[in-house]
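Visitor: how would this look folded up:
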Amino acid sequence: MAISTLNRLSSQFNRLPSLSPFTKSLLTRSSAKVADRIVKLSAIDPDGQKREIVGLSGQTLLKALTNNGLIDPASHRLEEIEACSAECEVNIAEEWLEKLPLRSYDEEYVLKRNSRTRVLNKHSRLGCQVVLTQDLQGMVVAVPEPKPWDIP
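Guide: Predicted structure coming up:
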């Protein structure tokens, strides 16, 4: 009974347009074992080195990259789009783009606002807005060099 109620509530939360992907992931996390939630990714660091990293489904890509030392945790303190300054911008490999939900209007706005050319790269995503799922197992992500205005 409790599990069916939880599943019903989870599906209702996912239909709410006003919730960010991160908030939805927090509300819909199940009690699965940690081993069942592991998502292995390949990350290309700013030096061009490919590294295998591990995240958990329901966690943001930003959290996985920070936990693996690829993004400075102090550079991005909040996971809500309203406070984002695009320091967690990453590039997603072409073959993985269709497995991700489309960028929200807010995410596109933040990416364009922080791009010098105001031209949006189709591979650009905000790590704080990409929620890991088992479907993203093996995804390849590139972490660009910090922009001069991001360095304290």
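
Visitor: what residues are up against Lys50?
Guide: Counting by C-beta atoms under 8 Å, 6 or more residues apart in numbering, Lys50 touches Ser42, Ala43, Ile44. C-beta coordinates here come from the backbone N, C-alpha and C atoms, glycine included.

Visitor: Please identify which helix or strand holds the nearest residue to Pro46 once chain neighbours are set aside.
Guide: Excluding its sequence neighbours, the residue lying closest to Pro46 (C-beta to C-beta, 6 or more residues apart in numbering) is Glu145, at 4.3 Å. Using DSSP states H and E, Glu145 sits in no helix or strand.

Visitor: pLDDT value on Glu145, please?
Guide: Per-residue pLDDT puts Glu145 at 78.

Visitor: again with Arg103
Guide: For Arg103, the pLDDT comes out at 92.

Visitor: circling back to that earlier point, just checking, the residue nearest to Pro46 touches Ile44?
Guide: No: here Glu145 does not reach Ile44: they are 11.5 Å apart, not a contact under C-beta atoms under 8 Å.

Visitor: okay, those two: which has more neighbours?
Guide: Legend: neighbour count by other C-beta atoms under 10 Å for Glu145 and Ile44, higher for Ile44 (18 against 10).

Visitor: who touches that one in this structure?
Guide: Lys50, Arg51, Val140, Val141, Ala142, Val143.

Visitor: where along this structure do the helices fall?
Guide: Counting by DSSP state H, the chain has helices at residues 2-14, 21-28, 34-37, 61-67, 94-97, 105-113.

Visitor: What residues of the last one count as buried?
Guide: Spelled out, it's helix 105-113. Neighbour-count burial for helix 105-113 flags Glu107, Val110, Leu111 (criterion: 16 or more other C-beta atoms under 10 Å).

Visitor: hang on, isn't the last one packed against Glu89?
Guide: Read that as Leu111. Yes: counting by C-beta under 8 Å, Glu89 is a contact partner of Leu111 at 6.6 Å.

Visitor: got any residues that touch both of the two?
Guide: Common contact partners of Leu111 and Glu89 (C-beta under 8 Å, 6+ apart): Ser124, Arg125, Leu126.
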